[in-house]
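Q: test case, fold it:
(4 chains)
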Number of protein chains: 2
Amino acid sequence: MVSVRADRPIAEKGIPDATIARLPVYLRTLNVMADDGVATISSGELADAAGVNPAQLRKDLSYLGTYGTRGVGYDVRYLRFQIGSQIGSAQEWPVVIVGLGNLGTALANYSGFGSRGFKIVALLDPKPDLIGRTVVGVPISDLADLEQIVERTEVRIAIIATPAAGAQEVCDRLVACGVRSILNFAPTALSVPPEVNLRKVDLGQELQILAYHEQQQMADPLESGPNADGTGSVHPHGVTA
Amino acid sequence: MVSVRADRPIAEKGIPDATIARLPVYLRTLNVMADDGVATISSGELADAAGVNPAQLRKDLSYLGTYGTRGVGYDVRYLRFQIGSQIGSAQEWPVVIVGLGNLGTALANYSGFGSRGFKIVALLDPKPDLIGRTVVGVPISDLADLEQIVERTEVRIAIIATPAAGAQEVCDRLVACGVRSILNFAPTALSVPPEVNLRKVDLGQELQILAYHEQQQMADPLESGPNADGTGSVHPHGVTA
DNA sequence: CTATGTGAACAACTTCACAGCC
DNA sequence: GGCTGTGAAGTTGTTCACATAG
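A: Numbering: from 1, shown residues only, chains lettered A, B, ... in the order given. Presented below is the predicted three-dimensional model:
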């Protein structure tokens, strides 16, 4: 079970997922700073701009290495470079999107992927009236050609944005032709062999949590003074997200 | 730190956010089961279908109450009813979406909201060529009319899907006219007063985590035997998401 | 004898608080 | 003096393992 993972030469092995998820946020902020001509920034300022706790920011950065200067802060350009090379904006990740309904199309258009080093190289859908149309310059191909397209483009990361019904079959086919990382937007649980990385995004989930807290606050009009509950918004001066 | 929050009549006070996020998944699964005519289901089967650990499922359900029968399992219809009433599918939550670019439009079209008790009652965008068009039967209104529309529709939950630049202003205006729960899809940190619930969704984040693990696995071709890392896919027989 | 419900152990993540360096 | 880097404490979420009910 414990997976061990014996110690290798240098560090740089175990950055928590939560940190990985935040690094692009820092990077985006640093880019803005750099464009504004800011040369140095403290953890407090950067944390503020990124919407996190300063200690969190410093701990996150400490996983990458020691890039700050005590008493001074971080060099914006240098830190930007370091984060960039860590999260593989060094290389470009080819990605295929399967399913071009509303969500798949929105994802294909979503500029946030491109700026983070992901490149949509193929779009797949079974509907004849979609096949041949292009989205962001990429033509939609027939889902039937999945195997040959995966092989030709050498994608290793796939996004499933199909209806729930077809998702598992698509998933199996992707796995069969060597895709090792799958991001599932379909509202269903997928099953994959253990060597495949699978993550799920549920667009409704955060809304659900908000609604729950809303309901709770309506239920007890008392004790709603400063901040009735936790999680939703428990940051020092109300900064979140 | 037992969290105090003096005991009120029955329980039903402190369900963890993580559990709230999973309940709709169970509900969806139960609906399928009920349609298939299944009358009773064990935690193992339901957990399997929902892609979670059986112990997790039982613990989640235990926050709602004691709805199972030892030695037997759960009554599908009864459990469905209980979960449904817990996550406020009892009431309908009116929601406004601000920003109807690709993402906002996809969210407006996303059927997952409707099936969970959310109802899009207003759409707002400042672009003249969008105003007046309708999406899922709801007309797009001028962002300038935000205040009056929020007041008229009495929405308490808003989704921000604008570009980063306009997000904070929209957020401030929403808060000013009484919106207490905001879901932010814009790639920027928003600041709100502490009584407002704010949550953020970053579509790139999960992809980033996948890419990181992909990169890691490429870095050590060794030890990729059974399951190189954790998080991504560490479920008993490889079922996830 | 089966499957729930749950205390307790465990694991991941966040925040605190302060030593250490500039 | 100011700000980083980090051990330690705190918090939240997950999994185990078993007593208990049916």
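Q: enumerate every residue touching the closest residue to A:Ala186 other than its chain neighbours.
A: The shortest distance from A:Ala186 to any non-neighbouring residue, by Cβ to Cβ, 6 or more residues apart in numbering or on different chains, is to A:Ala167 (3.8 Å). Glycine gets a C-beta too; all of them are placed from N, C-alpha and C. Neighbouring residues of A:Ala167 by Cβ atoms under 8 Å, 6 or more residues apart in numbering or on different chains: A:160, A:184, A:186, A:188, A:190.
Q: do the strand or helix carrying A:Leu46 and DNA strand C meet?
A: Following DSSP states H and E, one finds A:Leu46 within helix A:43-50. No: Helix A:43-50 lies out of reach of DNA strand C by Cβ under 7 Å from any atom of the strand, never closer than 9.2 Å.
Q: dump the host helix or strand of the residue nearest to A:Ala186 to CSV, keeping only the CA atoms.
A: For A:Ala167, the element it lies in under DSSP H and E is helix A:164-176. The C-alpha trace of helix A:164-176 is given here as CSV (Å, rounded to 0.1, in the frame of the first residue of the first chain):
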residue,chain,number,x,y,z
ALA,A,164,-22.6,10.4,-19.4
ALA,A,165,-23.8,7.5,-21.5
GLY,A,166,-20.8,7.4,-23.9
ALA,A,167,-18.1,8.4,-21.5
GLN,A,168,-16.9,5.0,-20.3
GLU,A,169,-16.6,3.6,-23.8
VAL,A,170,-14.6,6.7,-24.9
CYS,A,171,-12.5,6.3,-21.8
ASP,A,172,-11.7,2.7,-22.6
ARG,A,173,-10.7,3.4,-26.1
LEU,A,174,-8.5,6.2,-25.0
VAL,A,175,-6.8,4.0,-22.5
ALA,A,176,-6.4,1.2,-25.0
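Q: and it, how far out from the chain's middle?
A: Here helix A:164-176 is found 21 Å from its chain centre; the criterion is Cα atoms, centre = their mean, to the nearest Å.
Q: coming back round to it: list the helices and strands the following helix or strand past the helix holding A:Leu46 packs on?
A: Going down the chain from helix A:43-50, the next helix or strand is helix A:54-64, by DSSP H and E. Judged by 3 or more Cβ pairs under 8 Å, 6 or more residues apart in numbering or on different chains; DSSP states H and E, the packing partners of helix A:54-64 are helix A:17-35, helix A:43-50, helix A:76-86.
Q: list the buried residues for stretch A:91-98?
A: Neighbour counts over stretch A:91-98 (16 or more other Cβ atoms under 10 Å in any protein chain shown) mark A:93, A:95-98 as buried.
Q: now it: mean pLDDT?
A: Across stretch A:91-98, pLDDT averages out at 94.
Q: thinking again about what came up before, so which of the helices and strands packed on helix A:54-64 comes closest to B:Pro24?
A: Closest approach to B:Pro24 among these is made by helix A:17-35 (22.2 Å; Cβ to Cβ).
Q: which residues does the helix or strand just after the closest one contact?
A: The element immediately downstream of helix A:17-35 (helix or strand, assigned by DSSP H and E) is strand A:40-41. Contacts of strand A:40-41 with the rest of the structure, by Cβ under 8 Å, 6+ apart, involve A:30, A:33, A:72-76, A:79.
Q: which two among the residues you listed are spaced furthest apart?
A: For the contacts of strand A:40-41, the farthest-apart pair by Cβ to Cβ is A:Leu30 and A:Val72; their separation is 15.9 Å.
Q: ok, the two, which is more surrounded?
A: Taking neighbours as other Cβ atoms under 10 Å in any protein chain shown, A:Leu30 and A:Val72 compare with A:Leu30 leading, 25 against 10.
Q: separation between the nearest residue to that one once chain neighbours are set aside and chain B?
A: Nearest residue to A:Leu30 in three dimensions, chain neighbours excluded: A:Arg80, at 4.2 Å (Cβ to Cβ, 6+ apart). Per Cβ to the nearest Cβ, to the nearest Å, A:Arg80 is found 16 Å from chain B.
Q: and chain B, is the strand ranked longest in chain A touching that?
A: If you go by DSSP state E, chain A has its longest strand at strand A:118-125. Yes: shown here: strand A:118-125 in contact with chain B (Cβ under 8 Å from any Cβ of the partner chain) through A:Phe118.
Q: just checking, what packs against that strand?
A: Packed next to strand A:118-125, using 3+ Cβ pairs under 8 Å, 6+ apart, are strand A:93-98, helix A:102-109, helix A:111-114, strand A:138-142, helix A:146-153, helix B:203-219.
Q: what's it in contact with?
A: Under Cβ under 8 Å, 6+ apart, the answer for strand A:118-125 is A:92-100, A:104, A:108, A:113-114, A:131, A:135-136, A:138-143, A:145-146, A:149-150, A:153, A:155, A:157, B:204, B:207, B:211.
Q: swap the cut-off to 6 Å and go again
A: The contact list for strand A:118-125 (Cβ atoms under 6 Å, 6 or more residues apart in numbering or on different chains) reads A:92-98, A:100, A:108, A:138, A:140-141, A:143, A:146, A:149, A:153.
Q: cool, and stretch A:128-147?
A: A:100, A:105, A:108-109, A:120, A:123-126, A:149, A:173, A:177.
Q: out of these, flag the one nearest to DNA strand D.
A: Checking the contacts of stretch A:128-147 against DNA strand D by Cβ to the nearest atom of the strand gives A:Arg173 as the nearest, at 27.2 Å.
Q: wait, what's in contact with the closest one?
A: A:Leu146.
Q: what's the end-to-end length of stretch A:85-98?
A: Terminal residues of stretch A:85-98 lie 29 Å apart, using Cα to Cα, to the nearest Å.
Q: that one and DNA strand D in contact?
A: No: Stretch A:85-98 lies out of reach of DNA strand D by Cβ under 7 Å from any atom of the strand, never closer than 14.0 Å.
Q: among the helices and strands packed on helix A:54-64, which is nearest B:Gln56?
A: helix A:17-35 (18.2 Å).
Q: for that closest one, packing partners?
A: The helices and strands touching helix A:17-35, judged by 3 or more Cβ pairs under 6 Å, 6 or more residues apart in numbering or on different chains; DSSP states H and E, are helix A:43-50, helix A:54-64, helix A:76-86, helix B:203-219.
Q: now do the shortest one and helix A:17-35, the angle between them.
A: Which is helix A:43-50. 100 degrees (axes from the mean of the first three to the mean of the last three Cα atoms, to 10 degrees).
Q: show me which positions of helix A:43-50 end up buried.
A: Neighbour counts using 16+ other Cβ under 10 Å place A:43, A:45-50 of helix A:43-50 among the buried residues.
Q: low-confidence regions, chain A specifically.
A: The model of chain A has pLDDT under 70 over residues A:1-13, A:89, A:220-241.
Q: closest one of the contacts of stretch A:128-147 to chain B?
A: A:Asn109 (4.1 Å; Cβ to the nearest Cβ).
Q: how much space separates that closest one from DNA strand C?
A: 29 Å (Cβ to the nearest atom of the strand, to the nearest Å).
Q: neighbours of that residue, how many?
A: By the criterion of other Cβ under 10 Å, A:Asn109 has 16 neighbours.
Q: that one reaches B:Gly104, doesn't it?
A: No: taking contacts as Cβ atoms under 6 Å, A:Asn109 lies outside contact range of B:Gly104: 11.4 Å.
Q: neighbours of the residue nearest to A:Leu30, just the number please.
A: 19.
Q: do stretch A:201-215 and chain B meet at all?
A: Yes: Stretch A:201-215 is in contact with chain B by Cβ under 6 Å from any Cβ of the partner chain, via A:201, A:204-215.
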